[in-house]
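1. structure for the following, please:
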Amino acid sequence: GAGDYLNLHSQTLQAISEVHAKSRKQFKKAKLNWRTNNPKAKRRSLGWIPFKKTAIKYLGVKKSGKKSLKTTLQFSLAKGKKLIIDLWDSYNLSLYTINTCELVQDARGHWYACVTVKDFPKIKCGTGQVGIDLGCKDSAVSSNGDVLTTKLTHQYAEKLASAQRAKNKKRVKAIHAKIKNTRQDLIHKFTSKLVKANNLIVVGKIKSNSFT
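-> The predicted structure is shown next:
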């Protein structure tokens, strides 16, 4: 009866139960400490709704601008109800078979669709070889001269400090999200370039006691 009460598909409830059981086993606890849904709490639980393959239906894709695509997905809920959403599609989901999808919420209240697909086309890597040195000045430097510098996010430090002094929580969350997205974008571009160009990647191991 939980599905009818919460207006959720039975597959969604099964997915939640599976994650709960996995977490209990992982942390070896009979009862887990969950965050609260109180919006005034410091550690508030964020929205998370998983959907399995049987509850997802691909409706179509359309162009939005010169390069952007918008894909429409339909999710089955309880009592025959349906949820239809449009999402920005960078990969053209019409080329793949959708496996699962999770609707997740971030700290700013924005919702995202995290989609997994089956039979993702394999991309052949290059024939080169490269070594990576993990440093202190730069996050990583390859033997080809490519540098991963995540310290570019320091440019937001002054704006973040001003927002914190003004106690503007909304602005602080937005700047933190900008820093996180910038760091992830830099790492993704750096690693993707290495993988596409090389078939052997060697990472150096640094220990502080090696210099004593």
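
2. can you map out the helices along the protein?
-> For the chain, applying DSSP state H gives helices covering 2-6, 10-27, 157-165, 169-197.

3. export those helices as TSV, with columns for mean neighbour count, distance to L134 and mean pLDDT.
-> All C-beta atoms are positioned from the backbone trio N, CA, C, and that covers glycine. Listed next are the helices of the chain as TSV, based on neighbours: other C-beta atoms under 10 Å; distance: least, C-beta to C-beta, whole Å; pLDDT from 0 to 100:
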stretch	mean neighbour count	distance to L134	mean pLDDT
helix 2-6	12	46	81
helix 10-27	13	28	90
helix 157-165	13	23	92
helix 169-197	14	12	89
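
4. for those helices, give me CSV that also has distance to W48.
-> CSV is the format used below for the helices of the chain (distance: least, C-beta to C-beta, whole Å):
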stretch, distance to W48
helix 2-6, 13
helix 10-27, 8
helix 157-165, 27
helix 169-197, 18
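
5. nearest to D146, of these?
-> With C-beta to C-beta as the measure, helix 169-197 is the member of those nearest D146 (6.7 Å).

6. angle of that closest one against helix 157-165?
-> 150 degrees (axes from the mean of the first three to the mean of the last three C-alpha atoms, to 10 degrees).

7. L83 contacts L59, doesn't it?
-> No. Look at L83 against L59 with C-beta atoms under 8 Å: they stay out of range, at 11.7 Å.

8. ok, back up a step: out of the helices of the chain, flag the one nearest T116.
-> That would be helix 10-27 among those, by C-beta to C-beta, at 12.2 Å.

9. what is that closest one packed up against?
-> helix 2-6, strand 48-51 (3 or more C-beta pairs under 8 Å, 6 or more residues apart in numbering; DSSP states H and E).

10. next, format these as CSV and append distance to S143.
-> Below are these laid out as CSV (distance: least, C-beta to C-beta, whole Å):
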stretch, distance to S143
helix 2-6, 54
strand 48-51, 41
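
11. now for these, which one comes closest to V172?
-> strand 48-51 (23.0 Å).

12. strand partners of the closest one, parallel vs antiparallel please.
-> strand 97-105 (antiparallel) (DSSP bridges).

13. tell me the angle of the strand it pairs with relative to helix 10-27?
-> Going by the same axes, to 10 degrees, strand 97-105 makes 70 degrees with helix 10-27.

14. and for the nearest residue to T71 once chain neighbours are set aside, the neighbour number?
-> In this structure, T71 finds its nearest non-sequential neighbour in D89, 4.0 Å apart by C-beta to C-beta, 6 or more residues apart in numbering. Neighbours of D89 under the rule other C-beta atoms under 10 Å: 19.
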